[in-house]
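Engineer: have a look; sequence and predicted model below, questions after that.
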Amino acid sequence: MPISFHQSAKTKFMQNKNRLLLAGLCMLFSSTHVSAQEPVLTTTTTTTTTEQAVNTATVMTGNHAIAYGGSYNVLDTNYVPAFRMDQHRKFLNYQYNFPAKPRNMWEIGVGTGLYNYSADVPTLMLWEGGGYGFHAHIRKSWGYMFSTRLQYIYGIAKGLQWQESVNYSRNKAWYNDGYSHAQNMANPNAYHPMLLEKIDGQPAMFYNDYDPIHYNFRSEAHQLSLDFMFNTNNISWHKARTGLSFYGFIGMGAFAYNTKVNVYDANGKRYNFQEIVGDIPQVHANRREIKRRLKAGMDNSYETDAETLRGVRRPTIFHNKTLDWAFSGGLGAQIKISKLVNISIEDRITFPHDDDLLDGQRWAEQTLGDPVFTQNNDMVNYFSVGVNVNVGNSRKNVEPLYWLNPLDYVYGELNAPNHLKVNATLPDSDHDGVTDQFDQCPGTPEGVPVDVNGCPLDTDGDGVPDYRDKQLITPTECQPVDEDGVGKCPCPDDCSGTAKVSGPCSNIGSGTIAFDNNASRIKPYNQARLASLAAMMKAHPDCKVVMIGAGAGSKVQQQRSWDRVDAIISYMMERHGIDRNRFIFQYGQQGDPNTVMYRSAMEGEDGPANVAPPFPNLRRD
């Protein structure tokens, strides 16, 4: 076989390896890590004026004060771990500008793909009967851009060289097994004679007494890698969230492999590759046909250990695997199917440390009879498709942060303020504490208590504001009322002496907490309203709040009314530290049986903070 042909083909293959190595390095540095130091809000005073407190409550407890976004409700403290609650409490009370980072789910995934070596022996693709792999991983997000992943990969790689080789005198897997390799003519007495002839008019040297071989291998590999992953396209200035996530990663871990070569046929005899291939010219255009003949003429035993440094320069693991450590890097994309499931497409390139024997071959065709090492080490390429699932309690964990847009809450507050602290210098023409921008009832008489929309309070909902209502609490069955707010039922003492809410306690206002039918669990959107109420109660520590549970139609309704009032008071104690004795407990009142109304206690109004359940056997947590 002409030497010039071997050298030319080998040089071209080495050039391809260099290009692949360069592409791998580009992928490793394709992601840019961006970090920012979280600023700390320093305050020298915690004093809040009455007017500022009123404006704050106005924004926080409005009819639309539900801080939902495309991501999650920032005001829902269920998502905040205990060790971050101090920061989040300061955020809710306007003592710190940034909400606490929420808990987020873990991601677990499995997948499969194409597993191939970039090595001296050309790889076989899956559709050629070549390599395949499987993987499993667990991933955790530590921020909106950065996450870590622990991934295990099992792979089978195969390779077959369609060009014959004769310069294998130092590859123990072949020359120790009866094959005659090309000889060094430095000592003609000890080696075969050399003949000269011309090919295409040019002199060529070859040896007429050797056994050409075709390198091949089958390698089994295990890889465990800790990956550091980066993504940025979840942060968007024009979209609440994304259903497609691109990421890059670098990793480091352990790589263990064992490579075998197919040296003997099923009868234990060495192959006659010249007979298998035939007289077909070994040029690139015939490579597929040559590989087809080789696969048809060889068995699939891979019975011989490939050349290895196991036990010499590398430790052994799993009895027959060479253990090495490896760097890796790659790019990928995830397509969201639902909040819990996504599909990933990824390509990983692995660089085992200083290892050129993944394919069991490290000798070049140059210098016949005296081979030298090839120039580049071997690499691994794993192109995979996977299915990933987010795991964790959805009531306490948001999606992995790399799916969420941290700007979502910011834009939501700018567009429809829910927690925004309005500047007290904004115009308030009627001086009711609600700025003109949000006041739905301009021109309210001065000193009249108003609700969060700037409208005069109407405690009994009869259509007559409290400041003109001569019967402050008119039962539903006594309505409609006259222009003085007096219902059809008799009014004791001609409705005189009815207590009014006045002074700073009027700033607390009133509101309604809605519950699901026959349930007493406090929903996230109500938690935001109660957080606002807690802030106002802390701003006015001498004021009490009346909790009025509706539902008087049956024993079940009365007990459920009690359950809901008790649930709210307990929640305010445990979550916001409000003393139970600052609440007046009322239940079984007229009205929508699925609601609890709260209002500031009137001047001189008092009542119990603890009331025994009316029908304990009907209680529901």
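Structural biologist: Yep, it's here.
Engineer: can you give me the strands for the stretch 151-300 of the chain?
Structural biologist: Taking DSSP state E, counting those that start in this stretch to define them, one finds strands in the stretch 151-300 of the chain at 195-199, 202-206, 216-230, 244-261.
Engineer: lowest-confidence stretch among the ones you listed?
Structural biologist: Sorting these by mean pLDDT places strand 195-199 lowest, at a mean of 38.
Engineer: mind listing what's buried in the strand or helix carrying Gln334?
Structural biologist: Assigned by DSSP states H and E, Gln334 belongs to strand 321-336. Residues of strand 321-336 classed as buried: Lys321, Thr322, Asp324, Ala326, Phe327, Ser328, Gly329, Gly330, Leu331, Gly332, Gln334, Lys336 (neighbour count, 16 or more other CB atoms under 10 Å). Using the backbone N, CA and C atoms, a C-beta is placed for each residue, glycine as well.
Engineer: what's the answer for stretch 539-559, then?
Structural biologist: Buried-residue list, stretch 539-559, by 16+ other CB under 10 Å: 539-540, 543-551, 557-559.
Engineer: swap in stretch 80-88?
Structural biologist: Buried residues in stretch 80-88 (16+ other CB under 10 Å): Val80, Arg84, Gln87, His88.
Engineer: could you identify the most distant pair in those residues?
Structural biologist: For the buried residues of stretch 80-88, the maximum inter-member distance is 8.4 Å, found between Val80 and Gln87 (CB to CB).
Engineer: shared neighbours of the two, which are they?
Structural biologist: Contact with both Val80 and Gln87 is made by residues Ala100, according to CB atoms under 8 Å, 6 or more residues apart in numbering.
Engineer: re the thing from before, out of the buried residues of stretch 539-559, which is nearest to Thr350?
Structural biologist: Lowest distance from Thr350 to the buried residues of stretch 539-559 (CB to CB) belongs to Ala539, with 59.8 Å.
Engineer: that older thread, restricted to strands, list the buried residues of stretch 80-88.
Structural biologist: Among these, none falls in strands (DSSP state E).
Engineer: now flag whichever of those residues is closest to Gln375.
Structural biologist: Among the buried residues of stretch 80-88, and counting by CB to CB, the member closest to Gln375 is Arg84, at 53.3 Å.
Engineer: spit out the contact partners of the nearest residue to the closest one once chain neighbours are set aside.
Structural biologist: Nearest residue to Arg84, sequence neighbours excluded (CB to CB, 6 or more residues apart in numbering): Ala100, at 3.8 Å. Counting by CB under 8 Å, 6+ apart, Ala100 makes contact with Val80, Pro81, Arg84, Met85, Gln87, His88, Phe91.
Engineer: tell me the SS of Ala100?
Structural biologist: Secondary structure, DSSP: H, G, I helix; E, B strand; the rest coil: Ala100 is coil.
Engineer: ok so, going back, just put the strands of the stretch 151-300 of the chain in TSV and tack on distance to Tyr168.
Structural biologist: Converted to TSV, the strands of the stretch 151-300 of the chain look like this (distance: least, CB to CB, whole Å):
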stretch	distance to Tyr168
strand 195-199	21
strand 202-206	15
strand 216-230	12
strand 244-261	11
